[in-house]
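S.K.: build me a model from this:
(one chain, ligands or ions: 3)
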Amino acid sequence: MTLHLDDLRVRHLGECRYDSPLAEMLSTKQTSPHYVAEGDRVLLEDTVSMLAGHRLPPARVPSFEGAGPRRKIYFDPAQVTAGIVTCGGLCPGLNNVIRGLVQELAVHYQVKRILGFRNGLQGLTADHRHDTVELTPAHVRDIHKDGGTILGSSRGGQDADEMVDSLVLRGVDVMFVIGGDGGMRAATYLSDAIRARGLDIAVIGVPKTIDNDLPFTDQSFGFQSAFARATDFISSVSVEAASSPNGVGIVKLMGRHSGFIASYAALAANGADIVLIPEIPFALEGPDGLLAHIEQRVRAKGYVVIVLAEGAGQDLLDQPGAAHRNGRGTDASGNLKLGNIGELLKDRVAAHLTAAGLPPTMRYIDPSYAIRSIAANPYDSVYCLRLAHAAVHAAMAGRTAAAVARWRRRFVHVPLSLMTSRRNQVDPDGDLWMSVLETTCQPAEFGTAADREKVPMGFC
Ligand SMILES: Nc1ncnc2c1ncn2[C@@H]1O[C@H](COP(=O)(O)OP(=O)(O)OP(=O)(O)O)[C@@H](O)[C@H]1O
Ligand SMILES: O=P(O)(O)OC[C@H]1O[C@](O)(CO)[C@@H](O)[C@@H]1O
Ligand SMILES: [Mg+2]
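M.R.: Ligands and ions are numbered 1, 2, ... in the order given. Here you go, the predicted model:
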C-alpha cells in the first residue's frame, strides 16, 4: 500500500483557541536535531532512494505531524474530564503510561477530573461504566514500580455506541485507549461512532504490545523489558543444555505473528543456535530440514539451543488430529488460538535424535506470562512517560482518532486507522533477520529436498 501525505494527516476537533499552560516553555523553540517545532513534520521514509522515488517537493512527501505541546489548545483544561483504559494482554509499562497521563493532565494542564475505567473496554459497557477509579497524582505516585495495570484489562468485544454512551454519561472529553492492535481497532471504531454522533470527544491511542507487531512505531513500549526478561531464560537453558549429554535447550517465547521477541532475545543472549519465527516457515524432515540441522549441531558442538516464537511453524500443526494442535479457534477478541509448537518440536527432536543414536537430554522452558507481567525497565519507563506526555498534548490540542508513536526516534501523531492497516513483522530480507543468521549460523531457511535448489547454505 503506497501512502500519501493526506493518508498520514490526523483529525482535529476544531480550532485551538485557548492558551496552553506550557506556552511560555515553547516560546523560543525552533526545529533542531532534537526538537520538531510545531507545524513541522517527520518524514515517513528516511533513505535517499525512497525519498527520491516520490518525485515530490519536500512539503508533499509523506510525513507525520510531530507530537508535543502546542502554544494554543482546543480544550479549556478547567472543564476537561479525561478517561483512561488499558486493554488486551499485559505489557510492561502500562502503569507507567497511566502515571504519566495522570501527572501531565493534573499537574500541567490541571484538568477537572481523571477517570480510570476498569478491566479494559468492558469498563465502558452499561453494566460497568459507573465503576471507575478517580485518578490523582497521589494515587499513581508509585504504580510504575509494579507490572500489570492498576486499572485491569480484558479481551472481548464491546459495542461502540454503548461505549460512546458511557463517555457521554460520565462527561468524558478526552479518552486515552492504551492497547495493542485490537485496542487500536476498538479505539478507531469508538472515534468513528463519536464522529457520527457529532460529539466533541477526543480519542487518543497509546499503542502497546510486547509482540512489537504494531506498524508505524519504532518499537512498542514494554517490548524491551519483555525481551530482556526472555534473555534470562535463554541463558538458563543454554547452561543446562551445555552441561548435559546431547543437550537440547528449547525456549518458547510469546509472539503470535511476529518473531521480534524471539529474535531480539536470541541476539541478546547470544547462545542460540536456531531461531524459529512465524514469518519464516520451516520443514522438519529432509536433508535440509530442521531436524537434520539439529542433529548436525549436536554432533558438532555437543548440544543445541533453539529459541522459538509461539506462532512459528503453525502449519505443521494444521492437520486435523495432529498432536499439540489444541483445538484452535479464536479468543474473546478474535485472536487466533495457537497450537503448541514447542511441545511438538520437543517430541520430534527427541524422537529424531534418539533414532540417530544421540539420545538427548531435553531442557524445555515456556516462560509464557513471566516475560510480560514484570515492571518496565528503565528504558521503557522513560519511553512510557514520554509517550504519555505526547498523548496528553495531542488530546488537549484537539487531535482525535490518532495514536502517539515514536517513529525514527521522533514522537509523532499517527491516524488510528493506520495503526491497524498492517502488521509489523520481522522482514526476512531485513537487517534484523540478517543479524540473527549471522549470530546463530543457521541457514536462511530449513527447506526440504524439493526446494534445496533455492535454499542458501548457512554462514558457518
Ligand atoms: N475489530 C474489533 N472491533 C471492536 N473491538 C475490538 C476489535 N478487535 C479488538 N477489539 C477489542 O479491543 C480490546 C483489546 O483487543 P485484544 O484483546 O486483541 O488485545 P490487543 O489490544 O490487541 O492487545 P495485545 O495484542 O497486546 O494483547 C478487546 O476488548 C477487544 O474486544
Ligand atoms: O493473555 P492471553 O489471552 O493469554 O494472550 C497471550 C497473548 O498475548 C500476547 O502477549 C500479546 O498479544 C501474545 O504474545 C500472546 O500470545
Ligand atoms: Mg493484539
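S.K.: so what pLDDT did the residue in the stretch 251-400 of the chain that ligand 3 sits nearest to get?
M.R.: At 6.0 Å from ligand 3, residue 335 is the closest residue in the stretch 251-400 of the chain, using C-beta to the ion. Backbone N, C-alpha and C define where each C-beta goes, glycine included. With respect to pLDDT, residue 335 has a value of 89.
S.K.: distance of it from residue 202?
M.R.: To residue 202, residue 335 is 28 Å away according to C-beta to C-beta, to the nearest Å.
S.K.: next up, the contacts around residue 249.
M.R.: 234, 237, 238, 240, 241, 303, 304, 305, 306, 363, 364, 365 (C-beta atoms under 8 Å, 6 or more residues apart in numbering).
S.K.: near ligand 1, which residues of the stretch 101-250 of the chain are found?
M.R.: Taking C-beta under 6 Å from any ligand atom as the criterion, the stretch 101-250 of the chain approaches ligand 1 at residues 120-121, 154-157, 179-183, 185-186, 189, 209.
S.K.: of these, buried ones?
M.R.: 120-121, 154-155, 179-183, 185-186, 189, 209 (16 or more other C-beta atoms under 10 Å).
S.K.: quick revisit: where is pLDDT lowest across the residues of the stretch 101-250 of the chain next to ligand 1?
M.R.: Looking across these, the weakest pLDDT belongs to residue 157, with 81.
S.K.: does it sit in a helix, a strand or a coil?
M.R.: coil (DSSP: H, G, I helix; E, B strand; the rest coil).
S.K.: now it. Nearest residue, chain neighbours left out?
M.R.: Once flanking residues are discounted, residue 157 sits nearest to residue 333: 6.8 Å by C-beta to C-beta, 6 or more residues apart in numbering.
S.K.: and stretch 439-450, how far from the chain's centre?
M.R.: Relative to its chain's centre, stretch 439-450 lies at 28 Å (C-alpha atoms, centre = their mean, to the nearest Å).
S.K.: and for stretch 25-35?
M.R.: On C-alpha atoms, centre = their mean, the centre of stretch 25-35 falls 30 Å from that of its chain.
S.K.: ditto for stretch 232-249
M.R.: With C-alpha atoms, centre = their mean, you get 29 Å for stretch 232-249.
S.K.: and if you look at stretch 65-74?
M.R.: 25 Å.
S.K.: send me the lowest-mean-pLDDT helix or strand in the chain as PDB with only the CA atoms.
M.R.: In the chain, no helix or strand scores lower on mean pLDDT, DSSP states H and E than helix 23-26, which sits at a mean of 90. Extracted in PDB, the C-alpha atoms of helix 23-26 (Å, rounded to 0.1, in the frame of the first residue of the first chain):
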ATOM      1  CA  ALA A  23       3.100  28.100  26.000                       C
ATOM      2  CA  GLU A  24       5.900  30.000  27.800                       C
ATOM      3  CA  MET A  25       8.100  27.000  27.700                       C
ATOM      4  CA  LEU A  26       7.700  26.800  23.900                       C
END
